[in-house]
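Peer 1: build the 3D model from these lines:
(2 chains)
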2 protein chains.
Amino acid sequence: MAKEVRYAISPTRAEDYSEWYQEVVKAADLAEHSPVRGCMVIKPWGYGIWENIQKVMNAKIKETGHQNAYFPLFIPLSFFEKEAEHVEGFAKECAVVTHARLEKNQEGKLVPSGLLEEPLVVRPTSEMIIGEMFAKWVQSWRDLPLLINQWANIVRMEMRTRLFLRTTEFLWQEGHTVHATKKEAEEETRKMLDLYAEFCRNWLAMPVIQGEKSENERFPGAVSTFAIEAMMQDRKSLQAGTSHFLGQNFAKSCNIRFTDENGNLQLGWTTSWGVTTRLIGGLVMTHSDDDGLVLPPRIAPAHIVILPIIHQEETKNALLTYCRKMQEELKKISFQGIPLEVILDESDKRGGEKKWQWVKKGVPVRLEIGMREMQSDTLSVSRRDLGRAPAQQISRRAFLEEVVKTLGEIQLSLLQKAEEFQKQHTKLICSKEELFRFFTPENKESPEIHGGFALAHFCQDPKIEEELKKELNITLRCIPFQEEEEGKCIITGQKSKKKVIFAKAY
Amino acid sequence: MAKEVRYAISPTRAEDYSEWYQEVVKAADLAEHSPVRGCMVIKPWGYGIWENIQKVMNAKIKETGHQNAYFPLFIPLSFFEKEAEHVEGFAKECAVVTHARLEKNQEGKLVPSGLLEEPLVVRPTSEMIIGEMFAKWVQSWRDLPLLINQWANIVRMEMRTRLFLRTTEFLWQEGHTVHATKKEAEEETRKMLDLYAEFCRNWLAMPVIQGEKSENERFPGAVSTFAIEAMMQDRKSLQAGTSHFLGQNFAKSCNIRFTDENGNLQLGWTTSWGVTTRLIGGLVMTHSDDDGLVLPPRIAPAHIVILPIIHQEETKNALLTYCRKMQEELKKISFQGIPLEVILDESDKRGGEKKWQWVKKGVPVRLEIGMREMQSDTLSVSRRDLGRAPAQQISRRAFLEEVVKTLGEIQLSLLQKAEEFQKQHTKLICSKEELFRFFTPENKESPEIHGGFALAHFCQDPKIEEELKKELNITLRCIPFQEEEEGKCIITGQKSKKKVIFAKAY
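Peer 2: You can find the predicted model right below:
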């Protein structure tokens, strides 16, 4: 009988995927639940990933001509009401501020006091408050396009929450733009979706499918919603970013009008688009294994960790000095424009414990340095993406020469593996029976992991979409951008020109 | 009779200082009031300053060993209550969330619904929620010091608000730390205060006085509060940052305990410290003149603006090409580690209008380039800090060689001017009469501008402090760090070892 392998994360993916996710987040010290219902605390290692996401995304948003600004956290109820579909879409999950102070009541108990004349909604998204300001800022065609972005916190009172994936409060960027023409606004919507897709692919090593959302899944008040969808290791889909073409709906509600070049008053065309801390959840579920987090080097808070293996107190100082020198040398090197972040773990944990902590945190490269390595001027190098492959003994000089190449290889190999996985579990589906078979667990030991992306011709009838959701717990993730073709809906047999993607989803 | 000079800002500082401030903010397009009571919208030019403040401050906070994290926006009322002085200090300005959704009532009106079991306070500061988490994170002396920082939005329901200086919602960073000993926590408090002072001086060119706050002005729940105070051009004081030694008060309320090296359970010692978007208000009031904003180069969103002077349509393209080349050349240069930010204003505004826009926005250097300049390979250079001094004709090559030096000179000259102003209006006060005279307007035409920093021996009796506040509208700004000396309180004649600073304040 083969020796049973014990993994650092329990349960493993196969045993209980949802629980595995929570355990990976916990073991990597990314975030934890707070005592405030549904709100998480993002811990330094998780926030470090968010800071890297922000840095790259912020630069891309600015390069495409957008400027950052900041708008109020609160939206007066009367503004929020102006767009009927919008308010209906968010009414069930709004945190509402009703009082402006606390006071002791007759029993000496502290209670809300100072009732506000008008309740304030804590922003679940900012269209209505930003639109209000845009109406003042936009007067003439010369003021357009107006291209604004905001980094902010958002509150949606979700009933069932999961760290990063769905939380009552989350962090995001939200872009809001006004254009003179429909065409320009549509182009903006697609441009930002492309930008998100490129970022996910090249930084998070997370391939995504771009497409349009069905009517059922549209942003409340939008004319059309576009999204990027990524496949997680349980083959479920994660909506990783959205870009909305709002038409003139919000311009009407907020009264965003401009005088065109001929002196005529026109309604503006608006867009909005955003990505959130949810990306971190996607990152975790795309690359991690049963030993914990695996981070792509381009987004990792640290590229390398140095682990001094201290056996004797007498040699400790010499070894630490050697390791510090190594750290300094590495910090002088840049990987794709970023100076290497190198952690030296000087803690007095035992060697094994020390090592496993950094495995679980997903640092791309670990360098173990003991007296043997120091004396022979070599390093014991482990790549996190290679799992439990044995460490390589490499001369210090060779490592310094190759480190940038190695990190590039890790980045690429993670992307290729994720692409391969997505391809493997994306299936062209030609009949209802095939669809039902695809979404029926085949493996009783890990029923959670099954299915994938079902690519099928579909008539896009919202009612049938609802039924499929009830029967199979699948949703229409998106209608990928594609050439039109002649096809038949796999459910009704009606003519269909486009294939859609069905999947179970987060 | 001399020709009357008309300024870009009306009223001028002398005419109406408060109104002048609002107008400078407006003319520079830094921020504006929103329709949400007391909340401002920070516009791109203002937010650009905040981004630069964040960038520098964030690096300094990390260099001193702190890590960023993110904690919930909401604090359950029961947590908030745990520290009696703390809750009393903030109870009157708390936004309280009481409902979790919106619903139509019988009349079809949208109203708050889904009453929460426990009200949630929108954070007016995060001691109580961060303390709650720290209590879990801190177990052993090995976990200390715990050094955490958060960038966040904060809500305090202020009655009277002014853009940047006092707003219902503002942005800040708040550091929160736990230490094993009193001494370490005290050192941390001082270290961060020093860091703030150094930042204000070297980046904002805003000299500050460091000192301890009196009992009356202490942070609710703190053992001692330290602050940096800056003198504005109306000679009032602006508290520009605070650092609190919290003793074991919050550790007790939140139960932050650790096992020391001898195995004994100990209470932690905590600190907190913060600076806010208020710094932008301070920056505006330290340097601006009657023509608008003046920005120190190290914190300006752009260092240089190029203004093409287009007289003829035929030569427009050639001129713009020349200007774009100049912009590219300048962008390759770094000023104190930062690549130059250079704006090229290609708008078709008239020359004067174009120029004055950038004067009011405070860009440190303006380059006017017309056909004459292009043909002679020269530039017409204006330094914003020199006010209306005539532009200098400088050869393009000489300018490129000297630009870094010039920006350094501007930075230094703004600091020196502000230091000189502070010095000039700081007066040693030796009697009550002198104090009253110092704070009595001498100039009837601009009664707002008078007084300054009154440096005086004072017995530190809180009641007398209150009386002086009522009589002269002055407060004890801080007890500056100083050598003790023998002195007598200027009010009571009691023995005093330290001089304090009295001033009117924002």
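
Peer 1: contact residues of the stretch 101-250 of chain A facing chain B?
Peer 2: Proximity of the stretch 101-250 of chain A to chain B, by CB under 8 Å from any CB of the partner chain, involves residues A:101-103, A:110-112, A:114, A:119-122, A:129, A:132-133, A:148, A:152-153, A:155, A:157, A:169, A:171. For every residue, glycine as well, the C-beta is placed using N, CA and C.

Peer 1: next, count neighbours for the residue lying closest to A:Ile449 once chain neighbours are set aside.
Peer 2: Once flanking residues are discounted, A:Ile449 sits nearest to A:Asp234: 4.8 Å by CB to CB, 6 or more residues apart in numbering or on different chains. Neighbour count for A:Asp234, taken as other CB atoms under 10 Å in any protein chain shown: 21.

Peer 1: before we move on, what SS does A:Asp234 have?
Peer 2: Classification of A:Asp234 using DSSP: H, G, I helix; E, B strand; the rest coil returns coil.

Peer 1: my guess is it meets A:Ala14, correct?
Peer 2: No: A:Asp234 is not in contact with A:Ala14 according to CB atoms under 8 Å; the separation is 9.9 Å.

Peer 1: what is in contact with the two at once?
Peer 2: Shared contacts of A:Asp234 and A:Ala14, defined by CB atoms under 8 Å, 6 or more residues apart in numbering or on different chains, comprise A:Ile449.

Peer 1: where in chain A is pLDDT low?
Peer 2: Applying pLDDT under 70 to chain A flags the ranges A:1-3.

Peer 1: domain map for it?
Peer 2: Using automatic domain parsing, the domain ranges for chain A come out as A:17-88+A:126-287, A:304-399, A:426-503.

Peer 1: export those domains to TSV and append columns for distance to B:Glu401.
Peer 2: Below are these laid out as TSV (distance: least, CB to CB, whole Å):
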stretch	distance to B:Glu401
domain A:17-88+A:126-287	29
domain A:304-399	28
domain A:426-503	52
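
Peer 1: deepest of the ones you listed, which one?
Peer 2: Ranked by mean neighbour count under mean count of other CB atoms under 10 Å in any protein chain shown, the domains of chain A are led by domain A:17-88+A:126-287, which reaches a mean of 21.

Peer 1: endpoints of that domain, how far apart?
Peer 2: Criterion CA to CA, to the nearest Å; first-to-last residue distance in domain A:17-88+A:126-287 is 13 Å.

Peer 1: what's the single longest strand in chain A?
Peer 2: In chain A, assigned by DSSP state E, the strand with the most residues is strand A:110-122.

Peer 1: other SSEs contacting it?
Peer 2: Strand A:110-122 sits against strand A:74-76, helix A:77-80, strand A:96-104, strand B:96-104, strand B:110-122, with contacts defined as 3 or more CB pairs under 8 Å, 6 or more residues apart in numbering or on different chains; DSSP states H and E.

Peer 1: contact partners of it?
Peer 2: A:73-78, A:80, A:94-105, A:155, B:36, B:73, B:77, B:81, B:87, B:91, B:95-99, B:102, B:111-112, B:119, B:122, B:157.

Peer 1: what are the pairing partners of it, and which direction each?
Peer 2: The pairing partners recorded for strand A:110-122 under DSSP bridges are strand A:74-76 (antiparallel), strand A:96-104 (antiparallel).

Peer 1: centre of the chain to the first one, how far?
Peer 2: I take that to be strand A:74-76. For strand A:74-76, the gap between its own C-alpha mean and the chain's C-alpha mean amounts to 27 Å (CA atoms, centre = their mean, to the nearest Å).

Peer 1: how about the longest strand of chain A: buried residues?
Peer 2: Using 16 or more other CB atoms under 10 Å in any protein chain shown as the test for burial, strand A:110-122 gives A:110, A:112-114, A:116, A:119-122.

Peer 1: of all the residues you listed, which two lie farthest apart?
Peer 2: Spatially, the most separated pair among the buried residues of strand A:110-122 is A:Leu110 and A:Val121, at 23.9 Å (CB to CB).

Peer 1: hmm, back to that, possible to save the helices and strands packed on strand A:110-122 as JSON lines with distance to B:Gly451?
Peer 2: Putting the helices and strands packed on strand A:110-122 into JSON lines (distance: least, CB to CB, whole Å) gives the following:
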{"stretch": "strand A:74-76", "distance to B:Gly451": "37"}
{"stretch": "helix A:77-80", "distance to B:Gly451": "43"}
{"stretch": "strand A:96-104", "distance to B:Gly451": "33"}
{"stretch": "strand B:96-104", "distance to B:Gly451": "39"}
{"stretch": "strand B:110-122", "distance to B:Gly451": "36"}
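
Peer 1: does A:Cys430 really touch A:Ala454, like I thought?
Peer 2: No: with contact defined as CB under 8 Å, A:Cys430 does not reach A:Ala454; the gap is 10.3 Å.

Peer 1: now A:Ser382: which helix or strand?
Peer 2: In the assignment (DSSP states H and E), A:Ser382 maps to strand A:378-383.

Peer 1: the next helix or strand after that strand pairs with which strands?
Peer 2: Following strand A:378-383 in sequence order, the next helix or strand is strand A:392-395 (DSSP H and E). If you go by DSSP bridges, strand A:392-395 pairs up with strand A:378-383 (antiparallel).

Peer 1: now the strand it pairs with, how far from the centre of its chain.
Peer 2: Centre-to-centre, strand A:378-383 and its host chain are 31 Å apart (CA atoms, centre = their mean).

Peer 1: stretch A:29-40 too?
Peer 2: Relative to the centre of its chain, stretch A:29-40 is centred 17 Å away, using CA atoms, centre = their mean.

Peer 1: now the helices for the stretch 351-500 of chain A?
Peer 2: A:351-361, A:371-376, A:396-424, A:432-438, A:462-472 (DSSP state H, counting those that start in this stretch).

Peer 1: who touches the shortest one?
Peer 2: Applying CB under 8 Å, 6+ apart, the set of residues contacting helix A:371-376 from outside is A:309, A:311-312, A:315, A:318-319, A:322, A:379-380, A:393.

Peer 1: pretty sure A:Arg190 contacts A:Phe226?
Peer 2: Yes: A:Arg190 is within contact range of A:Phe226, at 7.0 Å (criterion: CB under 8 Å).

Peer 1: whichever residue of the stretch 351-500 of chain A sits closest to chain B and A:Lys360: what is the separation?
Peer 2: Residue nearest to chain B within the stretch 351-500 of chain A (CB to the nearest CB): A:Glu353, separated by 12.9 Å. According to CB to CB, to the nearest Å, A:Glu353 and A:Lys360 sit 11 Å apart.

Peer 1: give me the distance between A:Leu389 and A:Ala8.
Peer 2: For the record, residue A:389 is Ala, not Leu. As for A:Ala389, its distance to A:Ala8 is 15 Å (criterion: CB to CB).

Peer 1: go on, A:Leu165?
Peer 2: Distance check for A:Leu165 against A:Ala8: by CB to CB, it reads 22 Å.
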